[in-house]
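In: Let me see the structure of the following:
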Amino acid sequence: MHSRQNSVIPSRFTDRGITGTHSSCDPAFVPETRIGFWFLGTQTWAGHVLSPALNDLERLIPERKPSYPIVLDAGCGQGKSFRLLIDHFAPQRMIGVDAERKCLQRARIEAAKENIPIELRHRDVAELDLPDGSVDLVFCHQTLHHLTRQQMALREFYRVLKPGGLLLLAESTRAYIHSWIIRLLFRHPMHLQRSAAEYMAMVRFHGFVFGPQNVSTPYLWWSRRDLGAFEWFGFAVPAEREETLINLAALKADSAR
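Out: Okay, here's the model as predicted:
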């Protein structure tokens, strides 16, 4: 295991107010609003958020393998990613983990449609009940920004991945989560939101390896503060901006460091 995982986390990477003081009474995540739960079950979510993220992530993968036998969907939500992950990575088995029971109830319906085993677990992704080095690919899509223990989650992803295993991370950044429309409609731990650069630094700190060619910062219409209205009315997209999304493909090193 990466030796730095047991070291003190630098202050710029801490889950402020949580690292070192977490108790069983602290919430592991901030749950979605009713409108958020509804949106995560829509075709808009699957077709305009999930599918583009996976297409983008796939082109970023270093040392792409024809198949990833065991795939962990960390924060699987309502299971809308299951069919897409099967199509992209040809797993023999999948594990879906989510902290919300009502999401898993929907995910069971999606899992029953597939012809490979999909095991669903009601669990905090910061405390996975999986053996060390047991997973080939971890898919974490739009999950970290809900968590109050982001550092522990990344540590767990590193632990359960096999040497050379793949982490696919897709996240909305602080600039997006702090925008007025997201504040109005959804709910998040606002003090723990991070920039694209901060997410990259945090992933590297936990031992994952990636380069500039393995990172993308798409500026999709739904991730803009104005939901794309500015461009719709013929105005140019700002050349300089704070990124609202980050897609990242990283490997667990083949040997401990």
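In: by contact count, what packs against the helix or strand Leu104 falls within?
Out: Using DSSP states H and E, Leu104 falls within helix 101-111. The helices and strands touching helix 101-111, judged by 3 or more CB pairs under 8 Å, 6 or more residues apart in numbering; DSSP states H and E, are helix 82-89, strand 93-98, strand 118-122. From N, CA and C alone the C-beta is placed, and that goes for glycine too.
In: Counting neighbours, which bits of the longest one end up buried?
Out: Spelled out, that is helix 82-89. The neighbour-count check on helix 82-89 (16 or more other CB atoms under 10 Å) flags Phe82, Leu84, Leu85, Ile86, His88, Phe89 as buried.
In: Wait, the last one touches Leu137, no?
Out: The reference is to Phe89. Yes. Contact criterion CB atoms under 8 Å: Phe89 and Leu137 qualify, at 6.1 Å.
In: Need the CA coordinates for the helix or strand containing Arg155. CSV is fine.
Out: Assigned by DSSP H and E, Arg155 falls within helix 150-160. Extracted C-alpha coordinates of helix 150-160, given in CSV (Å, rounded to 0.1, in the frame of the first residue of the first chain):
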residue,chain,number,x,y,z
GLN,A,150,-13.5,12.6,0.7
GLN,A,151,-9.9,11.7,1.8
MET,A,152,-11.0,8.5,3.4
ALA,A,153,-12.9,7.5,0.2
LEU,A,154,-9.9,8.0,-2.0
ARG,A,155,-7.8,6.0,0.5
GLU,A,156,-10.3,3.2,0.2
PHE,A,157,-10.3,3.3,-3.6
TYR,A,158,-6.6,2.9,-3.6
ARG,A,159,-6.7,0.1,-1.0
VAL,A,160,-9.3,-2.0,-2.9
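In: how far off strand 93-98 does that helix point, in degrees?
Out: 160 degrees (axes from the mean of the first three to the mean of the last three CA atoms, to 10 degrees).
In: which residues touch the helix or strand following helix 150-160?
Out: For helix 150-160, the following helix or strand on the C-terminal side (DSSP H and E) is strand 161-172. Contacts with strand 161-172, where a contact means CB atoms under 8 Å, 6 or more residues apart in numbering, come from 53-54, 56-57, 61, 63, 68, 133-142, 144-145, 157-158, 199, 203, 208, 223, 244-255.
In: in strand 161-172, what's buried?
Out: Using 16+ other CB under 10 Å as the test for burial, strand 161-172 gives Leu161, Lys162, Gly165, Leu166, Leu167, Leu168, Leu169, Ala170, Glu171, Ser172.
In: So of those, which two are at opposite extremes in space?
Out: Lys162 and Ser172 (28.3 Å; CB to CB).
In: Relative to Ile61, how far out is the residue lying closest to Lys113 once chain neighbours are set aside?
Out: Distance criterion CB to CB, 6 or more residues apart in numbering; nearest residue to Lys113, sequence neighbours excluded, is Arg83 at 7.3 Å. Distance, Arg83 to Ile61, by CB to CB, to the nearest Å: 19 Å.
In: Just the C-alpha atoms of stretch 200-217, please, in CSV.
Out: Below are the C-alpha coordinates for stretch 200-217, written out as CSV (Å, rounded to 0.1, in the frame of the first residue of the first chain):
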residue,chain,number,x,y,z
MET,A,200,-5.9,16.5,-9.0
ALA,A,201,-3.6,17.2,-6.1
MET,A,202,-5.7,15.2,-3.8
VAL,A,203,-5.8,12.1,-6.1
ARG,A,204,-2.0,12.3,-6.5
PHE,A,205,-1.5,12.6,-2.8
HIS,A,206,-3.2,9.2,-2.3
GLY,A,207,-0.8,7.5,-4.6
PHE,A,208,-2.5,7.5,-8.0
VAL,A,209,-0.5,8.1,-11.1
PHE,A,210,-1.7,10.2,-14.1
GLY,A,211,-0.5,12.8,-16.5
PRO,A,212,-2.0,15.8,-18.3
GLN,A,213,-3.1,13.4,-21.1
ASN,A,214,-5.3,11.6,-18.6
VAL,A,215,-7.3,14.7,-17.5
SER,A,216,-10.1,16.6,-19.1
THR,A,217,-12.1,19.7,-18.1
